[in-house]
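Enquirer: okay, predicted coordinates and the sequence, questions at the end:
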Amino acid sequence: MATDATTPHSAGKIALIGVDWGSTHLRVHAFDTLGGIIATRQSARGMATLAAPEEFAAALDELLSVDLDDGDAPILLAGMVGARSGWQEAPYAPLPADAATLAASLQPLRFKDRRATIVPGVSGPSDGFNDVMRGEETQVLGVPPGTRRAVAPGTHSKWLRLDGGAVVGFSTYPTGELYSLLLERSLIGRGLPAGAWSERGFLQGLDTARERPDWLHQLFGVRARNVRDAAPVEELPAFLSGLLVGYEVIGANAAADDGGGEVAIIGGAQLAATYALALRRYGIDHYIIEGDTAFCRGLWRIAQAAGYV
């Protein structure tokens, strides 16, 4: 079911339709001529729920109602829609990647005789392999000028480095995926209350990660604490989260330039607040920018560079 997600910003002319297509969500934004959001609609028809190009087209068409779309504005899509298992694969752009780089590599998409294109993902050298991302490159272009480091936490958290408004490097940490697998499908997480949260447990996990670099051994410590009744069971899911987030943050910041300034945390309120707690515990300056806000600002910059608006 489609839902309206925002109150109209203005009654201005629709200049752009922006599409944020993730694995589990689909959001469509109508932009006015100044880059403001006129309206937003969303559904749960993310990439993971769709199997054929016709299904992607139908999912988008469902959201492009008359109150959101004038039928003429260009459509710019970003995220998992351009993945190999998405609507149509959009090749990765190389680093460094700024708005002009991404605009020059837009992938044309056939959709109802509309001017529609997909923002490419970005790939670049990491520690021994070429890392990849889709969607975060658009979000990070929406952070305030002067930001040099950012994190987009999630299933596969991205730590990004910027210079002059361009992404110059990034690293991926599958923290969210590991947490779900360990909690839901492993002996380590057996018997733990999946929905429980404890700030004390989370902070203890962060402290353990900072004090003990033997991360693989420490992960089993969650199981040992449980069967030995060495910690309240309702605190252990958060302790596990603190371990994983802690090792992620420590690893991502081990070689960070001290002159990098604040880290922008890009994401939804709950997850961003969790990462803010971790960065605060480790004495790392940071600020939060809401994920949809960053996405819309970044997509508008790409549209401007492409001459769409």
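Expert: Great, that's in hand. Residues are numbered from 1 along each chain as shown.

Enquirer: now the strands for the stretch 1-150 of the chain?
Expert: In the stretch 1-150 of the chain, the strands defined using DSSP state E, counting those that start in this stretch lie at 3-4, 16-21, 26-31, 37-43, 75-79, 93-94, 107-109, 116-118, 122-125, 130-133, 149-152.

Enquirer: can you name the next helix or strand after the last one?
Expert: Of the helices and strands lying after strand 149-152 in sequence (DSSP states H and E), the nearest is strand 157-163.

Enquirer: what is that following strand packed up against?
Expert: Using 3 or more C-beta pairs under 8 Å, 6 or more residues apart in numbering; DSSP states H and E, the elements in contact with strand 157-163 are helix 136-140, strand 149-152, strand 166-173. The C-beta positions use only the backbone N, C-alpha and C, and glycine is treated the same way.

Enquirer: looking at the ones you listed, which is closest to residue 240?
Expert: Proximity to residue 240, assessed across these by C-beta to C-beta, is greatest for strand 166-173 (15.0 Å).

Enquirer: ok, and what's touching that closest one?
Expert: Here strand 166-173 makes contact (C-beta atoms under 8 Å, 6 or more residues apart in numbering) with 95-98, 101, 122, 124, 126-127, 131-133, 136-137, 140-141, 156-162, 248, 251-252.

Enquirer: got it, and stretch 279-288?
Expert: Contacts of stretch 279-288 (C-beta under 8 Å, 6+ apart): 203, 206-207, 210, 249-250, 253, 261-265, 267, 272-273, 275-276.

Enquirer: now, which of the residues you listed lie within helices?
Expert: 203, 206, 207, 210, 249, 250, 253, 272, 273, 275, 276 (DSSP state H).

Enquirer: give me the buried subset of these.
Expert: Of the members of the ones in helices among the contacts of stretch 279-288, the ones counted as buried by neighbours, 16 or more other C-beta atoms under 10 Å, are 203, 206, 249, 250, 253, 272, 275, 276.

Enquirer: and the furthest pair within the residues you listed?
Expert: In these, two members sit farther apart than any others by C-beta to C-beta. They are 250 and 272, at 18.8 Å.

Enquirer: sorry, back to before: deepest of the helices and strands packed on strand 157-163, which one?
Expert: helix 136-140 (a mean of 29; mean count of other C-beta atoms under 10 Å).

Enquirer: sketch out the low-pLDDT regions of the stretch 151-300 of the chain for me.
Expert: Within the stretch 151-300 of the chain, the ranges that satisfy pLDDT under 70 run 257-259.

Enquirer: which residue, other than its chain neighbours, is closest to residue 251?
Expert: Excluding its sequence neighbours, the residue lying closest to residue 251 (C-beta to C-beta, 6 or more residues apart in numbering) is residue 173, at 7.1 Å.

Enquirer: where does the one you found sit relative to residue 249, distance-wise?
Expert: Separation of residue 173 from residue 249 (C-beta to C-beta, to the nearest Å): 9 Å.

Enquirer: just residue 29 next, same as before
Expert: For residue 29 relative to residue 249 (C-beta to C-beta), the value is 31 Å.

Enquirer: what does residue 308 give?
Expert: Distance from residue 308 to residue 249, counting by C-beta to C-beta: 37 Å.

Enquirer: let me know the closest of the buried ones among the ones in helices among the contacts of stretch 279-288 to residue 17.
Expert: Distances from residue 17 to these, taken by C-beta to C-beta, are shortest for residue 272, at 26.6 Å.

Enquirer: does that closest one touch residue 278 like I think?
Expert: No: between residue 272 and residue 278 there is no contact under C-beta atoms under 8 Å: 10.8 Å.

Enquirer: just checking, what packs against the helix or strand containing residue 201?
Expert: Here residue 201, judged by DSSP H and E, is contained in helix 199-211. Applying 3+ C-beta pairs under 8 Å, 6+ apart, one finds that helix 199-211 makes contact with helix 215-227, helix 236-253, helix 269-281.

Enquirer: ok, now with 7 Å
Expert: For helix 199-211, the packing partners by 3 or more C-beta pairs under 7 Å, 6 or more residues apart in numbering; DSSP states H and E come out as helix 236-253, helix 269-281.

Enquirer: right, and those - which one's nearest residue 83?
Expert: Closest approach to residue 83 among the helices and strands packed on helix 199-211 is made by helix 269-281 (21.6 Å; C-beta to C-beta).

Enquirer: report the contact partners of residue 226.
Expert: If you count contacts by C-beta atoms under 7 Å, 6 or more residues apart in numbering, residue 226 has them with 191, 192, 233, 236.

Enquirer: what number of residues lie near the first one?
Expert: A count of neighbours around residue 191, defined by other C-beta atoms under 10 Å, yields 10.

Enquirer: quick one, what contacts it?
Expert: Counting by C-beta under 7 Å, 6+ apart, residue 191 touches residue 226.
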